[in-house]
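Visitor: Take a look and give me a structure for this.
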Amino acid sequence: MTSRPELLDPPVLQASGVTIGYDRVVISRELDVTVPDRSFTAIIGPNGCGKSTLLRGFARVLRPVAGQMLLHGKDLADQRPKEVAQRLGLLPQSSLAPDGIRVADLVARGRAPYQSLIQQWRPEDREAVAAALRATRLTDLSGALVDELSGGHRQRVWVAMLLAQQTEVMLLDEPTSFLDIAHQFELMELLRDLHEQGKTVVAVLHDLNQAARYAQHRIVMRNGEVVTTGPPAEVITAEVIEEVFGLRVLVVPDPATGTPSVVPLDPRVQPFDVEGVR
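Guide: Now for the predicted structure:
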């Protein structure tokens, strides 16, 4: 008797034959890309290569001209907006808080997908906001005005709002932009913690070393196309970086984590042999 093969669950997010862009400008054509379930995925590549476009397609902010954006195997275009908002959330590049709004009130806006004209605020909403504030260490600042916070704390407030939305998927577009190195590190550690708690995290990142240290899966793009995908040891290599960015580098083990670390080469100096260089 022949046993039936196990049916595999579809990927959490998938672009299948997607052509997408802005207005009449196409950024990517016939794009096929997969985000593994419960992964921390980093999308990397040069400016203007289509990273944010792909992310916005996954978030249903942009609709494909052709092909399908799939959430657990189902076309996002066929799903109701409120249902999608309960399953995935987006933190865009630029987020502006309303003047005079306090931290807790902004975080509470993450509960909008669960509310209606009949039932607006429930105990579950209150607990979701409180839990998001605890996770982002903002409880003591819940009454503070958002526009009076530092850049690092403001970014935490937006992440807290995303957490209060209680989605399984978190999409973040360049979340460390405009943050100093300490706040970048703090935010990336928070995102790793959330991933380890079961979230699927997808982030557009410019810092290759952050992408190598924190994400287990990489999507490398250039000119609207996916060049390669996979774990850091396979994707963060000198050959791939030179092909995608046009930059000669050494890739050496990070002394703190052992993950690949990218070191740009001085074009005036001949490269030298380093043990462990890829």
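Visitor: mind listing the strands for this protein?
Guide: 13-22, 25-35, 40-44, 66-71, 74-75, 88-91, 169-173, 200-204, 217-222, 225-230, 249-253, 260-264 (DSSP state E).
Visitor: just checking, residue 190 touches residue 158?
Guide: No. The pair residue 190 and residue 158 fails to qualify as a contact (Cβ atoms under 8 Å) at a distance of 11.6 Å. C-beta coordinates here come from the backbone N, C-alpha and C atoms, glycine included.
Visitor: and the gap between the residue lying closest to residue 236 once chain neighbours are set aside and residue 240?
Guide: Nearest residue to residue 236, sequence neighbours excluded (Cβ to Cβ, 6 or more residues apart in numbering): residue 260, at 4.0 Å. From residue 260 across to residue 240, the span is 10 Å (Cβ to Cβ, to the nearest Å).
Visitor: any chance of the strands of the chain in CSV, with mean neighbour count and distance to residue 55 too?
Guide: Output for these, formatted as CSV (neighbours: other Cβ atoms under 10 Å; distance: least, Cβ to Cβ, whole Å):
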stretch, mean neighbour count, distance to residue 55
strand 13-22, 19, 10
strand 25-35, 18, 10
strand 40-44, 26, 7
strand 66-71, 19, 11
strand 74-75, 12, 18
strand 88-91, 21, 7
strand 169-173, 23, 5
strand 200-204, 24, 5
strand 217-222, 23, 10
strand 225-230, 16, 13
strand 249-253, 19, 25
strand 260-264, 18, 22
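Visitor: would JSON lines of these with distance to residue 116 and mean pLDDT be doable?
Guide: Listed next are the strands of the chain as JSON lines, based on distance: least, Cβ to Cβ, whole Å; pLDDT from 0 to 100:
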{"stretch": "strand 13-22", "distance to residue 116": "27", "mean pLDDT": "94"}
{"stretch": "strand 25-35", "distance to residue 116": "30", "mean pLDDT": "94"}
{"stretch": "strand 40-44", "distance to residue 116": "33", "mean pLDDT": "96"}
{"stretch": "strand 66-71", "distance to residue 116": "22", "mean pLDDT": "95"}
{"stretch": "strand 74-75", "distance to residue 116": "23", "mean pLDDT": "94"}
{"stretch": "strand 88-91", "distance to residue 116": "19", "mean pLDDT": "94"}
{"stretch": "strand 169-173", "distance to residue 116": "23", "mean pLDDT": "96"}
{"stretch": "strand 200-204", "distance to residue 116": "27", "mean pLDDT": "97"}
{"stretch": "strand 217-222", "distance to residue 116": "36", "mean pLDDT": "96"}
{"stretch": "strand 225-230", "distance to residue 116": "39", "mean pLDDT": "95"}
{"stretch": "strand 249-253", "distance to residue 116": "52", "mean pLDDT": "93"}
{"stretch": "strand 260-264", "distance to residue 116": "48", "mean pLDDT": "93"}
